[in-house]
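Undergrad: need a 3D model of the following:
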Amino acid sequence: MLNQLRQDHANMARMLHVLQLKQKTLADGERPNFQLVREVVDYILDYMDGFTSPLEEICSERLRERDPQCGEVTERLSRDYRALRARLKRLSNDLDMILMDAVVPMDCFADDLKEYLEAHRNYLREEREQLFPLIREHFNDTDLDNLAKALPDGAAAELERLQAAYPELYAELRDAPEPVT
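TA: Numbers count the residues shown, from 1 in each chain. As a prediction, the model looks like this:
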């Protein structure tokens, strides 16, 4: 499961890299493929709701049961994650307006997108540096297997559905260079 989490981080880094390329296009005064930006944002939001949030809840609960001192880290990460999701939801709403040809200041949207990207990368780094060591310390292989089994039944199916639902995004990810995290 820890390997799965690391792979999920690598995949999310690729998603963020695609968004960064689109943000750079915007910052250079050009118009990116907003439909692709929409796909990336929708994918990340769906992924957060369908997989990451349930995993975070279960993992945090089990860590606090094993070591109450883990609560500080898990609570902070949970707060940061909720703020990250809210920021991405605002970007999603702005994208809706852009795709409906409403007037949205592109420089503000580009700045908001850049700030989101920085926040999400910081969150991933904090997870790697703070949460992953706690998981390694407090969970053995059996615990990790049980944790995976405790996820809602739809989590694995949701990941498969997401992969099938965003073909243009997957084409872009396949062609994107490996990001440096």
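
Undergrad: in the chain, which helix is the longest?
TA: The helix spanning the most residues in the chain, taking DSSP state H as the definition, is helix 71-99.

Undergrad: quick check: mean pLDDT of it?
TA: Mean pLDDT, helix 71-99: 95.

Undergrad: other SSEs contacting that helix?
TA: helix 34-47, helix 53-66, helix 106-126 (3 or more CB pairs under 8 Å, 6 or more residues apart in numbering; DSSP states H and E). Every residue, glycine included, has its C-beta placed from N, CA and C.

Undergrad: could you tell me the least trusted of the ones you listed?
TA: The minimum mean pLDDT among those belongs to helix 53-66 (a mean of 87).

Undergrad: residue with max distance from the center of this structure?
TA: V103 (27.7 Å; CA atoms, centre = their mean).

Undergrad: neighbours of the closest residue to R62 other than its chain neighbours, how many?
TA: Closest residue to R62 in three dimensions, ignoring its sequence neighbours and counting by CB to CB, 6 or more residues apart in numbering: L147, at 6.4 Å. The number of residues packed near L147 is 18, by other CB atoms under 10 Å.

Undergrad: which SSE is L147 in?
TA: Using DSSP states H and E, L147 maps to helix 141-150.

Undergrad: list the buried residues of that helix.
TA: By 16 or more other CB atoms under 10 Å, the buried positions in helix 141-150 come out as L144, L147.

Undergrad: what of stretch 75-88?
TA: For stretch 75-88, burial by neighbour count (16+ other CB under 10 Å) applies to L77, D80, Y81, L84, R85, R87, L88.

Undergrad: of those, closest to R38?
TA: L88 (12.1 Å; CB to CB).

Undergrad: contacts for the helix holding L147?
TA: Identification of contacts with helix 141-150 by CB atoms under 8 Å, 6 or more residues apart in numbering yields M1, L2, Q4, I58, C59, R62, I135, F139.
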